[in-house]
Each structure stands twice: as C-alpha cells, then as structure tokens.
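Colleague: quick one, what's the 3D model for this:
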Amino acid sequence: MSSSNGHSFSGLSAARHEAIAATTVSGWKQRHHENGHGANGSQSGIQRVDSIYGADVFSQKVMRQRLPKEVYKRLMETIHKGKTIDPQIADIVAAAMKDWAIENGATHYTHWFQPLTGLTAEKHDAMLVPDATGGVLFDFSGKALVQGEPDASSFPSGGLRATFEARGYTAWDPTSPAFLNRSEGSVTLCIPTAFVSWTGEALDKKTPLLRSMEAISEQAMRILKLFGTDRGVSRVLTTLGPEQEYFLVDNNFYHARPDLVVCNRTLFGAKPPKGQQLEDHYFGSIPARVMAFMSEVERECYRVGIPLKTRHNEVAPGQYEFAPIFETTNVACDHQMLLMETLRRVAPKFGLQCILHEKPFAGINGSGKHNNWSISTDTGVNLLDPLDETHTNLQFLVFVCAVIRAVDSHADLLRASVASAANDHRLGANEAPPAIISIFLGDMLTDIMAQIETGAFKRTLKGGDLDLGTRTLPLLPRDSGDRNRTSPFAFTGNKFEFRAVGSSATSAWPNTVLNTILAESLDHVATRLEKAVGRSPSETRLQAAVKALLKQIVKQHKRVIFNGDGYSEAWHAEAERRGLPNLRDTVEALPALKSKKAVDLFKKYKVLSKPETESRAYILMERFVKEVAIEAETMVTIARTMILPAALEYQTRLAEAVSAADKAGVDVDDQKECLEKYVALIAALRAATDEVDRAAEHHEEDPFKHGQQIRRDLRPAMTELRKVADELETVIPVSLWPLPSYRELLFIK
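Modeller: So this is what the prediction gives:
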C-alpha cells in the first residue's frame, strides 16, 4: 500500500491496512485543526454564505458596477436575448475584467474550453507585457478576450484535422461568466470559450450545445406564437440541474490499487459479506471526514457561482451525491465540469480520492448524473409546468407530446449520447436505468394521454391529501403519480429526468442531442399546426388542430411510454414486441451516430455538419477501444505481478503443510484434494491471463471493427479472468493478498 511519502505497503495484513487507514483519518483531523478548521471542516468563525457566493465570478452584478451603462446594456442583450456580440465593446469589457481580476490577485488568464477528450483544457498566459522602459505592465485587450489560438493538433478531431494542421481558435462565450481559479499561490482568470478549427468546424462540446439551444429556441418560439404567448419573450431556453454521484475512498487504499489509479475502477474484487443489502447507507449520517470534504467542496463551488443545493449519502457504501439548482443548460454544463474538477482536487486534502467512474465496484450501485432538464422562456415561464387543470393546458400538452415524439423517433441517438465503456457496466443494474429508452409519465399524464387518444379532454387526476393518521402530523399534498427510478427518461413534475447519463461524462453532449431531437419534433408540430390554422388562426380552429395532431402523435408514439419496472425480464420482452431498440452496449449504440438519419438531423438544424457528426462517432468509439485496452493491460499486469505471486506463495505454504503432515503419519487425503483444487485454480488464473493478453493484442484500423472484436473476444476474457482472481481472493489469506479489499475500500472512511 502506498503511503503519503511514497513507501510501499503491498502485502500487509488487514490489521495493518486498517491501522494505516486509521492513522490517515487521525492525521487528517490533526492537520485540519492545525490549519484553523473546525471538526466539520468549516473555517474558524462564522462566514456568511452571501459573502462567498459568486465572489470569484465576473457576474452581472460586477459588470453593472464596472461597465458603462450602454456597454452593460448591449452585453446583457447578447447574454439574455441572444444578440450577436458587438466587437466594439470587447475592449471595454476586457479592461473591466482585467481590473477586477488583478484586484483579486490574478496574474494570468486562460481561455477555458471543453475539447473532445471529455475533460476541460486551458493554456495560461500572463497579463504582464514589457512597457518599453525596462519595466512591465498589466495588459489584457479585447482581442485577447474574444479570441485565442491554442494548438489544435493534439486534441481528438475524428479526422476533421490532420496532425500537421495545428491551428485552432477559442472564442469567448459571454453567456457563461468568467471566473477565477485559485490554486496554491496562483490566481488565474478563466474565460469560458468555444473551440473550433481554422476551418470553423467545432472541436469541442460547447459549440454544438450552443447551436442546439438556438435550434430549440427557434422552433419553440413558433409554438408560442401560435398560442399567442410569445409577447415579451425573446427566446426559449433549456434549463438543467444535473445531479452528481461519486465515490470516496481512502487515499492510501486508492494508491495501493493500480486498477483504481489507472482505470478509475476496480478490475478485481471479491464480494464483501456486507454490501448495500441492508440499505443503511442511503440518506444515512454523513461521516465526519466526508462532511468536511463536502463543506470544502461547497465553499469552493459557491465562490465560482455553482449553486449546489443538496448533499447526501447515496445507496452504495462509500457513495455520495451533490445536486445543484437549475441553470441555463450552457452554464449548468460548464458548472458541472467545474464541479467534477473540484471534487477531484479537494478530496486529497482530506486523505481521500474521489472516483467518478460509472461502475467502480462490482455488485453495488454505479454512479450516474441524473440530467434534470426543462424548457423555459427568457421571461421565466417553465413550458413543462402542467399547472392545475392540465387537460386544459394545450400548450403544455403540445410540448410534452413533442418530447414523446422526439424520444421515440430518436431513441437510438439518445442512447448513443450516453454510450461509453464505463456506462456499459452501469446501465440496467443496481438502480441504473436499462439500455432500452422509454418514458415514464406517471398516472396523471398517462391518463391524459389516454384521453387524447380518444379525442376527449375531460379531467386531470388529483393526488389529494395524505392523512398520516395522527393529529400531530400535517396532511401532506400527494402528487398525482409516483416516481419511477427504473425509467431512463421520466417526467418528474415540471421537468424530465434523463437518468442514463454517466457520472464521469460531460453533460453537454447528451443535452446537445436532447435539444436537437426536440427541435426537430417542435418543427414537425409547428409546421403541421401552422398549415392547419392558416394565417389568421382563431382559438377554436387552433384547439381543433392541436387536439387532432396530439391524437395522431399519441397513437404513433405511445409505444415509448412505460410506467412499470424497467428491470423486469417481462419489460425486455414487451419492449421487443413494441419495436423499441435495445442497444445493450457502446458497440451496438454508437453506429446510430453514423446513420444518414442522424447526419441529416444535425445538419438540418445547424448543430453539426456531416463531418462534425461523423467525427464524434469515430472519437467516441476510438475512446471506447482505448479505454478497454488500457483496462485489459492493467488486468494482465496485476494478475501476473501481484495476484499470481501471492497465489504461488500460498501454494508453497499449503504444499509444505501437506508434506509435513504426511511425514508425521497423518491422513492427508483431504488436504491433498484441497491442494489439487487450488493448483487447478492457479492454472486457470494463468490461462485466463494469457487469454486476455492474447485478445488484447488484436488491432483494427477501423475502431468500429475493433469494437466488435472487443465485444466478442476481449471483454468475455476479462470477465473470466476476474472470476478466477476473485475466487482466489476468497481463498488466499488476507496477510498475503496484495490488494485492499472491497471491505476496506468501501467502509473505512
């Protein structure tokens, strides 16, 4: 086991493992108190949240104070109304941003962007320039704010760029506020930007997301215009509140697991006696060290304007969650990336490591990023709010039916948007939704959909009150329907929750797909209604046209509505009967991105060109291939250099014990049989290791063909190797087993 000073503790007994972990916990507490923090991790004294929140954000409040009134007005028109940024005001904004950043200790700035690696990227430039007199001065121009030029050659492009074509551009996104990144002894001004090639092709996650938001706004405005509710509305926005699940493990145990360090998940690990079967971790008391970590994460997030709302224990031992308040999707996606970076950066301060992998431990819950998504006007009206008498709210029903049509028509694309090597292990198991995309509507909306199909709009089911049977407890208003944790796409009151998004993934890509497919569906609805009502629509004519169209949509797409148990075998059979796609893994899902339907869809709504769409399919499959290859090589290394030596050492001890007993005249037939079985198990380990090694040597130029080989040969071989190694873990003494066990990883905090 690795300690903080780099010494090796491999092969120590379980007691020593626990002693080291205990030392880590007590050491953290000691260091924390010495640094002026309380037991719960909060700074000495009481610090008001409102003095922290947004302190490191170049917010609208700061801009209002520092910018000339006319400049501020024009910038707000860009941010809130989607108007093109005026280049003439860039120098003024840059000067104000520079002064604000320097006053807060910044010496450098960076264009912070999200390349197709799934992570963020930044290149820091000093704001210092020579003053021609032998000194220096701080300078940050409008040109430096608006545009940067990082090297684009080493980022994934999926064939959009040749290796020697290095030029790329970052472009300021004024809709996402600049912020300060504070690290040890350094403060950097971070400017959220898009990232494109010299030819203008998108090389990032932000550019398509912004394009998709424009597309959905354009089509949604047509619906509002038909209903006469567009007065004062400049644009329609999608909003997002992505939950973030994650695991925490002790830092020492983490570094003693090469698989966690390299692959962010355990490739081996026998099932512990206690997992999550008692269901006692969910919403349980948060351990002191974890609470201190959470508090520090919250403070750092508040400083950069991330509106964290909820923190709690999740279902699996060692698993936790943060959830924010809703924001505009673009800003929410930026904040989600910042949150993940913050989780990983803060954890080591408390002797912990944060694991964001979708399935770091077998046999217990994986981690997701539940994508709570809605549609609102820029005047603050939630277009997915059903209101009280929902059956009379035709505009709401139009938007809901458009969502139903979009999800059914493009279920394959929605599934592909969450496909990854990591998410393959999570979907369909332990509370993660299945790979079959369906929609949960709840009792009230399902009843209304049935009414729509018959052409009668008569009633809205009411939940009533819940009497708890005692006078001391209040009557609770009961929702008109329950929730469904097994549904990948569930209506939850005034939003849809896309539960299939993985915990380590960026939210930007799934929301780009979701926005685009809804834009297409709203386009379909608006075109039909506009044609039906003509240029001078009356309310009667509009209602008749809406009811007729909704009836048609429900009949054609009701197959995607399912309110039952998504885990059941019966649902899988029913889904197949309905004709719903069941794309079980990444290899089956990603080809949907290469289809003509997908290419035409993204091209029509100007979200992605054909090369941009095809490049993303290629990049995602190439990443899948590389990640599994890294896992396979790591498995082979651990099996040969850690597990096999421990197994052979125990074999020697067993053989010596049998030989000694035999010489003493003891009947050793049973012991010999046990030894023979154990020797056979070691032989199976060697054979399984060799098979993984052999399957991992395969190579294909086409990543899609390589993915098929991985699915057919490599992953089954890896499963078999793990099975044998995990069986050995249950036999070999703890004092010889070289890896921290699940018991230690999950329960020692």
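Colleague: so where's this protein uncertain?
Modeller: 1-50, 151-153, 160-166, 428-431, 463, 466, 468, 476, 478, 480-483 (pLDDT under 70).
Colleague: looking at this structure, which residue lies furthest from center?
Modeller: The centre of the chain is farthest from one residue, G665, which by C-alpha atoms, centre = their mean lies 63.5 Å away.
Colleague: does that residue count as helix, strand or coil?
Modeller: Secondary structure, DSSP: H, G, I helix; E, B strand; the rest coil: G665 is coil.
Colleague: look up phi and psi at it.
Modeller: The phi/psi pair for G665 (degrees, to the nearest 10) reads phi 80, psi 20.
Colleague: look up how far R653 lies from it.
Modeller: Using C-beta to C-beta, to the nearest Å, G665 is found at 21 Å from R653. (C-beta placed from N, C-alpha, C; glycine too.)
Colleague: tell me who's in contact with G455.
Modeller: Each residue near G455 by C-beta atoms under 8 Å, 6 or more residues apart in numbering is listed here: 547, 551.
Colleague: and after the host helix or strand of T527, which helix or strand comes next?
Modeller: T527 belongs to helix 508-533 when elements are defined using DSSP states H and E. Using DSSP H and E, the helix or strand that directly follows helix 508-533 along the chain is helix 539-557.
Colleague: buried sites along the strand or helix carrying S295?
Modeller: Assigned by DSSP H and E, S295 falls within helix 288-303. Buried residues in helix 288-303, counted by 16 or more other C-beta atoms under 10 Å: 289-303.
Colleague: output the longest strand belonging to this structure.
Modeller: The strand that spans the most residues within the chain, counting by DSSP state E, is strand 186-197.
Colleague: residues of that one that come out buried?
Modeller: Buried-residue list, strand 186-197, by 16+ other C-beta under 10 Å: 187-197.
Colleague: picking up where we left off before, for the helix holding T527, name the packing helices and strands.
Modeller: helix 206-227, strand 236-242, helix 329-346, strand 371-377, helix 394-409, helix 411-416, helix 539-557, helix 596-604 (3 or more C-beta pairs under 8 Å, 6 or more residues apart in numbering; DSSP states H and E).
Colleague: contacting residues for F399?
Modeller: Residues in contact with F399 (C-beta under 8 Å, 6+ apart) are 220, 223, 375, 383-384, 522.
Colleague: can you list those residues in TSV and add neighbour count and distance to D479?
Modeller: Output for the contacts of F399, formatted as TSV (neighbours: other C-beta atoms under 10 Å; distance: C-beta to C-beta, whole Å):
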residue	neighbour count	distance to D479
A220	27	26
I223	22	27
I375	25	21
L383	21	20
L384	19	15
L522	27	27
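Colleague: and of the residues you listed, the nearest to W571?
Modeller: W571 has its nearest neighbour among the contacts of F399 in L384, at 25.4 Å by C-beta to C-beta.
Colleague: so the closest one lies in a strand, does it not?
Modeller: No. L384 is assigned coil when assessed by three-state DSSP, not a strand.
Colleague: excluding its backbone neighbours, what's nearest it?
Modeller: Leaving aside its chain neighbours, L384 sits nearest to S374 (4.9 Å; criterion: C-beta to C-beta, 6 or more residues apart in numbering).
Colleague: still on that earlier bit, out of the helices and strands packed on helix 508-533, the one nearest V692 is which?
Modeller: helix 411-416 (27.5 Å).
Colleague: so which elements touch that closest one?
Modeller: Going by 3+ C-beta pairs under 8 Å, 6+ apart, helix 411-416 lies up against helix 508-533, helix 586-589.
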